[in-house]
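Participant: Sequence first, then the predicted structure, then my questions.
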Protein chains: 2
Amino acid sequence: MELKKTTDFIHDLYGTDFVPLSVPVFIGNEKKYLNECIDTTFVSSVGKFVDRFEADMEKYTNSSRAVVCVSGTNALHMSLMLAGVERGDEVLTQALTFIATCNALSYIGAYPVFLDVDRDTMGLSPVAVKKWLSNNSEMKNGVCYNKRTGRRVKACVPMHTFGHPVHLDELIAVLKEYNIELVEDAAESIGSYYKGKHTGTFGRVGAISFNGNKTITTGGGGMMLFNDEELGAYAKHITTQAKIPHRWEFKHDHIGYNYRMPNINAALGCAQLEHIEEYVESKRETAKIYEDFFKNIPDVEFFTEPENCRSNYWLNVVILKNKDSQQEFLQYTNDNGVMTRPIWELMTRLPMFEHCEHDELENTVWFADRVVNIPSSVRIK
Amino acid sequence: MELKKTTDFIHDLYGTDFVPLSVPVFIGNEKKYLNECIDTTFVSSVGKFVDRFEADMEKYTNSSRAVVCVSGTNALHMSLMLAGVERGDEVLTQALTFIATCNALSYIGAYPVFLDVDRDTMGLSPVAVKKWLSNNSEMKNGVCYNKRTGRRVKACVPMHTFGHPVHLDELIAVLKEYNIELVEDAAESIGSYYKGKHTGTFGRVGAISFNGNKTITTGGGGMMLFNDEELGAYAKHITTQAKIPHRWEFKHDHIGYNYRMPNINAALGCAQLEHIEEYVESKRETAKIYEDFFKNIPDVEFFTEPENCRSNYWLNVVILKNKDSQQEFLQYTNDNGVMTRPIWELMTRLPMFEHCEHDELENTVWFADRVVNIPSSVRIK
């Protein structure tokens, strides 16, 4: 695997002794906007940056309504609820995902069903979904049920792994047939497009993350994207404590959530979003450099974006030969100043989810034994 | 009520044409610390201000462990969970509270039981709690059950209304008798002490809020206070996604929550906390000035702190003669540049909670018809 050559190359690429996996870059108005929050005293959940960040994100993603949240996890929690997922429902998703996807489901009391991913996207496979549904589900009055458990199959949450979009057209076609809601976990894919359309805007609702390790950051935060303006307005209402507007009265009409993003975090988001295209271009350029480099490294394959997509290459991926190579690569790079990590432990291997229903997960396991993420930060000083 | 005299007085006191109810004051290191976050790129959930804010709060409140959260609501949600409240349990609390108390309960699927408040604290009455328990509960194997519903009565959440501590000694004595956990909703009472001890440190866990309208702010945020270090460490674990520490592996051992406070919000908190004693002193001075002023205003009574307490006077309170006077006061002040508001709509009058069990709520209703909050911001420029 030419490990020394690889770490030397990555050190040169980033020009630092220690190369982190993914850290934010601040080259714009971050300080200016933060200081403005202090000067105006608008630091909390009411403030012009909150409104502007939502408006800017609507424009950037071409969605009808964008609603901020305190994290990607909580955006996903609300998204599932807004898509109608209820306690005891089942939700189709991938085992190859970050824990947030399943945590969000669990808050509602829904059950994940883990299905396989595609080899060219690392995300939920429409073929696996179709196969599982045709073998395991039955329709009653237009509603899909799991034949074995009797539970309603209400939604499907594909995750655009490391920013690479799943096969959305094919997935949407299957879900339509079974009347299942699409909720996109677009936590990692801001700036990623499928056939020219921004990820997170294909289903009933999509959830974005702005955690510190993401392509742009608000410190911590998330956003929901809607095509349905009315649903978006309702999302804003319930994530801001469901207060009925009044000059002085404090009345509420629903169980509400306090998932309000403070103005200082939105200020950071506005400043970051002003540079997103530069960031994504820088990340794509880095990916191209890696692709060329790894062509000449035996037994290491660089993972490239699926067809018809523009990926943000949030975290770059190399595929090693097997689990031993993967462990060797991880150990060497981390011992030599280059931060790398394996893909997340599969959900089906965690104590909370090991008893959940799943298919053969053939590609999932194949990836779990081989994927390593390599440094991916934006290279703009 | 001499409404013109009152608004003139408040305008003079704050020296502005429009006097808001409660806005933050930034006189210290807020900008410096925020800019430091940008310079170091540590804006997210890992960062020195997160650790420092927790340590500083432990020192300030004299608790063994303080754990940050994204909001007071979510701190309370976790607090209830950590106190062992489960789906279907009942929790004793007050109807005279902000909606967050009941929202937090609802996330777990617990049921509130609304009991009366005391006239001298505006918070949950130990007498009302004792009365309700002796009439409605039974003990089985050391566990308290509601005789009528059969549900376990697991916890009690008093709220220190507007910063005034409830009668903690008496409440603790009752709860001990029935083996019920005390979880303090100290959202409004940072800087408030009961018999020399900081509110939020008397029960299994206490929840603080740093929302923009609070005595000190992090933009949005909260904190849990623990005397039990082990429980505090577990709280940190589950609110930070329950990840098992490892150099590169991503494994989790529980359903975790992403309630991590970003470093930029903690930075604001550290700067604010450096001045908390000045803030509280300023607020107490304002309360004294109000107290003296309203002595000479007929039919308006200024509410003062309970005995043996130091209250932060988060929001100052006047008690009007009746509901008509209350509405007249609200209308006049808000029409004349002085922001005021009534106490929150009683929980028992909201559609989500109107069917919940409650006692006679005599004092509760008395307050609801009479309380008005008047401007209370820190008066330091």
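Facilitator: Thanks, I have it. Please read these numbers as outputs of a predicted model, since none were measured by experiment. Numbering: from 1, shown residues only, chains lettered A, B, ... in the order given.

Participant: Buried residues in stretch A:109-121, which are they?
Facilitator: Neighbour counts over stretch A:109-121 (16 or more other CB atoms under 10 Å in any protein chain shown) mark A:110-118, A:120-121 as buried. Any C-beta I mention is one placed from the backbone N, CA and C, and that applies to glycine too.

Participant: how about those in CSV, adding distance to chain B and secondary structure?
Facilitator: As requested, these are exported to CSV (distance: CB to the nearest CB, whole Å; DSSP: H, G, I helix; E, B strand; the rest coil):
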residue, distance to chain B, secondary structure
A:A110, 12, coil
A:Y111, 13, strand
A:P112, 12, strand
A:V113, 17, strand
A:F114, 15, strand
A:L115, 20, strand
A:D116, 20, coil
A:V117, 17, strand
A:D118, 21, coil
A:D120, 23, coil
A:T121, 20, coil
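
Participant: what about the helices in chain A?
Facilitator: Assigned helices in chain A, in chain order: A:3-14, A:30-40, A:48-61, A:72-82, A:99-108, A:126-136, A:168-178, A:229-239, A:263-273, A:276-295, A:323-335, A:362-368 (criterion: DSSP state H).

Participant: Restricting to C-alpha, output the shortest one in CSV.
Facilitator: Only the C-alpha atoms of helix A:362-368 are listed here, as CSV (Å, rounded to 0.1, in the frame of the first residue of the first chain):
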residue,chain,number,x,y,z
GLU,A,362,-23.6,-7.9,1.4
ASN,A,363,-22.1,-4.6,0.1
THR,A,364,-22.5,-3.0,3.5
VAL,A,365,-20.2,-5.5,5.1
TRP,A,366,-17.8,-5.3,2.1
PHE,A,367,-17.5,-1.6,2.7
ALA,A,368,-17.2,-1.9,6.5
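
Participant: And chain A, what are its domain boundaries?
Facilitator: A:3-25+A:276-374, A:30-273 (automatic domain parsing).

Participant: Distance across the first one, terminal residue to terminal residue?
Facilitator: I take that to be domain A:3-25+A:276-374. Domain A:3-25+A:276-374 has its terminal residues 13 Å apart, counting by CA to CA, to the nearest Å.

Participant: any idea of the mean pLDDT in it?
Facilitator: Domain A:3-25+A:276-374 shows a mean pLDDT of 97 in the predicted model.

Participant: got it, and stretch A:140-159?
Facilitator: Computed over stretch A:140-159, the average pLDDT equals 98.

Participant: how distant is that stretch from the center of its chain?
Facilitator: With CA atoms, centre = their mean, to the nearest Å as the basis, stretch A:140-159 stands 23 Å off its chain's centre.

Participant: Then stretch A:162-177?
Facilitator: Mean C-alpha position of stretch A:162-177 versus that of the full chain (CA atoms, centre = their mean) differs by 15 Å.

Participant: So which residues make contact with it?
Facilitator: With contacts defined as CB atoms under 8 Å, 6 or more residues apart in numbering or on different chains, stretch A:162-177 is touched by A:118, A:121-127, A:129-130, A:133, A:156, A:158-160, A:181-182, A:188-189, A:191-195, A:199, A:202-203, A:215, A:303, A:305-306, A:309, A:311-317, A:373.

Participant: Got a quick PyMOL command for the buried subset of the residues you listed?
Facilitator: Those of the contacts of stretch A:162-177 that count as buried under 16+ other CB under 10 Å are selected in PyMOL with:
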select buried, chain A and resi 118+121+122+123+124+125+126+129+130+133+156+158+159+160+181+182+188+189+191+192+193+194+199+202+203+215+303+305+306+309+311+312+313+314+315+316+317+373
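
Participant: Among the contacts of stretch A:162-177, which lie within strands?
Facilitator: Counting by DSSP state E, these place A:156, A:181-182, A:193-194, A:309, A:316-317, A:373 in strands.

Participant: and the residues you listed, which two are the farthest apart?
Facilitator: Of all pairs drawn from the ones in strands among the contacts of stretch A:162-177, the greatest distance, 31.8 Å, lies between A:E181 and A:N316 (CB to CB).

Participant: For the residue of chain A positioned farthest from its centre, which non-adjacent residue is spatially closest?
Facilitator: Using CA atoms, centre = their mean, the residue of chain A lying farthest from its centre is A:W248. It sits 38.8 Å away. Computed as CB to CB, 6 or more residues apart in numbering or on different chains, the closest residue to A:W248 that is not its neighbour in sequence is B:R341, at 4.2 Å.

Participant: show me what contacts the one you found?
Facilitator: Going by CB under 8 Å, 6+ apart, B:R341 touches A:248-250, B:21, B:330, B:372-373.

Participant: Please pick the buried ones from those residues.
Facilitator: Buried, going by 16+ other CB under 10 Å: A:250, B:21, B:330, B:372-373, out of those.

Participant: quick one on the thing from earlier: of all the contacts of B:R341, which comes closest to A:E54?
Facilitator: Using CB to CB, A:F250 is the member of the contacts of B:R341 that sits closest to A:E54, with 24.1 Å.

Participant: so the closest one touches A:Q241, yeah?
Facilitator: No - the pair A:F250 / A:Q241 is not scored as a contact, 9.6 Å apart, by CB atoms under 8 Å.

Participant: Overlap of the contact sets of those two?
Facilitator: Residues touching both A:F250 and A:Q241 (CB under 8 Å, 6+ apart) are B:I99.

Participant: picking up where we left off before, among the ones in strands among the contacts of stretch A:162-177, which one sits closest to chain B?
Facilitator: Checking those against chain B with CB to the nearest CB, the nearest one is A:N373 at 9.2 Å.

Participant: That closest one and A:C309: what is the separation?
Facilitator: 19 Å (CB to CB, to the nearest Å).

Participant: what does A:L82 give?
Facilitator: Applying CB to CB, the value for A:L82 to A:C309 is 26 Å.

Participant: Tell me the residue of the stretch 151-300 of chain A that sits nearest chain B?
Facilitator: The stretch 151-300 of chain A approaches chain B most closely through A:G212 (2.4 Å), counting by CB to the nearest CB.

Participant: per-residue pLDDT, that residue?
Facilitator: Looking at A:G212, its pLDDT reads 94.

Participant: Now the residue farthest from the centre of chain A. Its backbone dihedrals?
Facilitator: Backbone torsions for A:W248, taken as degrees, to the nearest 10, come to phi -140, psi -20.

Participant: My understanding was that it contacts B:T340; is that so?
Facilitator: Yes - between A:W248 and B:T340 there is a contact under CB under 8 Å: 6.8 Å.

Participant: Now for those two: what residues contact both?
Facilitator: Once CB under 8 Å, 6+ apart is applied, the residues that A:W248 and B:T340 both contact turn out to be B:330, B:334.
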